[in-house]
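Peer 1: Kindly generate the corresponding structure for this input.
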Amino acid sequence: MSKQVMQLKACSRSEAEQYIAGGWVQVDGVVVEEPAFRVLRQRVVVDPSASLLNLTPITLVLHKPAGLTQEKATALLGLATLWAQDASGTRPLKRHFSNLESAVPLENGASGLLVFTQDWRTTRKLTEDMDAMEHELIAEVRGEVGPEALQKLDRALNNERDPLPHAKCSIGSSNPESSKLRFAIKGAHPGLVAYLCEKTQLELLGLRRIRLGRVALRDLPVGQWRYLTGHERF
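Peer 2: Numbering: from 1, shown residues only. Next comes the predicted model:
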C-alpha cells in the first residue's frame, strides 16, 4: 500500500509509511494503518487533510487495578478500554500502543494513576524532576483514626534517627469500620505508606494514587485509560 500512497501524494516511501501509520489512508472505505498491507484492485484514498505534523508522541493515563504489575497493566491499553469520556480529541491509532515507557513506579498491590508515554520529554520530566514532584495517595486503613494517630505519623516522619522522605498526612474520612488518609509525598517512594502504617499500628486495607504532579486521576474508572490532554502538565 505504501507504493500506492507514494504515487497519490508524490512523496517518499518513508513519508508514505508515516501517512499510513497516522491513520490517514483508507482502503475501500476502511482505515488501514499497516504500510505493508497488500493492495490489489481496492480503492486507496488519502485523507485531504492528511498531515505529518500531527504524528506527535502521545502519553496515556491508566487507572491501574490493584494486584497488577506495571508490565501486566500494559495489557489494559487498547481500544476496548479507552474511557468513553476521554476529552483529548485524539484519534486512537495502533501506533499509540507501541514503544510506551512507564517511568513512575506504583506498588503492585496499589491501584491508581499510572503513566505510559512515547514522549522522551515526558519521560525526562518524570525521572529528572521526580524528587520534587508531589504524589497524592489515599490510604484506607481499618477502624477510626483520630488526631493521636496523625501525631504518631508526624513523629515517624520527623524522626531524625530514621529520616524519611518529605510527606504530609491528613484525614479524609473516618468511621468505626475504616478511615481514609491522604498522603502528599515528594518523590516516588514505593512502600513508604505501608511502612508508616505498620510503624504506627494502622492496618492498611488499600492504597490508591490519585495525583502525580499536576495530573489527577479524577473520574477515570478502574481498568480504563485516557490520553493526556494538550493543556495538562506534570
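Peer 1: pretty sure residue 31 contacts residue 23?
Peer 2: Yes: between residue 31 and residue 23 there is a contact under Cβ atoms under 8 Å: 5.4 Å. Just so you know, the C-beta spots here come from the backbone N, C-alpha and C atoms, and that holds for glycine as well.
Peer 1: In terms of neighbours, single out the busier of those two.
Peer 2: The neighbour comparison of residue 31 against residue 23 (other Cβ atoms under 10 Å) goes to residue 23, with 20 against 14.
Peer 1: So that one sits against residue 91, correct?
Peer 2: Yes: the criterion here is Cβ under 8 Å, and residue 23 meets it with residue 91 at 6.2 Å.
Peer 1: measure the closest residue to residue 214 other than its chain neighbours to residue 220 for me?
Peer 2: In space, and not counting its chain neighbours, residue 214 is closest to residue 233: 5.7 Å by Cβ to Cβ, 6 or more residues apart in numbering. Residue 233 sits 18 Å away from residue 220, going by Cβ to Cβ, to the nearest Å.
Peer 1: more neighbours, these two?
Peer 2: Counted by other Cβ under 10 Å, residue 233 and residue 220 do not tie: residue 220 has more neighbours, with 19 against 10.
Peer 1: Quick check: closest non-adjacent residue to the more buried one.
Peer 2: Nearest to residue 220 is residue 63, by Cβ to Cβ, 6+ apart, at 4.6 Å.
Peer 1: Run through the strands of the chain in chain order.
Peer 2: 25-27, 30-31, 44-46, 59-64, 111-117, 134-142, 167-174, 178-186, 204-212, 215-216, 225-227 (DSSP state E).
Peer 1: Kindly reformat the ones you listed as a markdown table containing mean pLDDT and distance to residue 9.
Peer 2: Converted to a markdown table, the strands of the chain look like this (pLDDT from 0 to 100; distance: least, Cβ to Cβ, whole Å):
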| stretch | mean pLDDT | distance to residue 9 |
| --- | --- | --- |
| strand 25-27 | 87 | 10 |
| strand 30-31 | 86 | 16 |
| strand 44-46 | 88 | 6 |
| strand 59-64 | 97 | 29 |
| strand 111-117 | 96 | 30 |
| strand 134-142 | 96 | 46 |
| strand 167-174 | 92 | 55 |
| strand 178-186 | 95 | 50 |
| strand 204-212 | 97 | 40 |
| strand 215-216 | 96 | 37 |
| strand 225-227 | 97 | 27 |
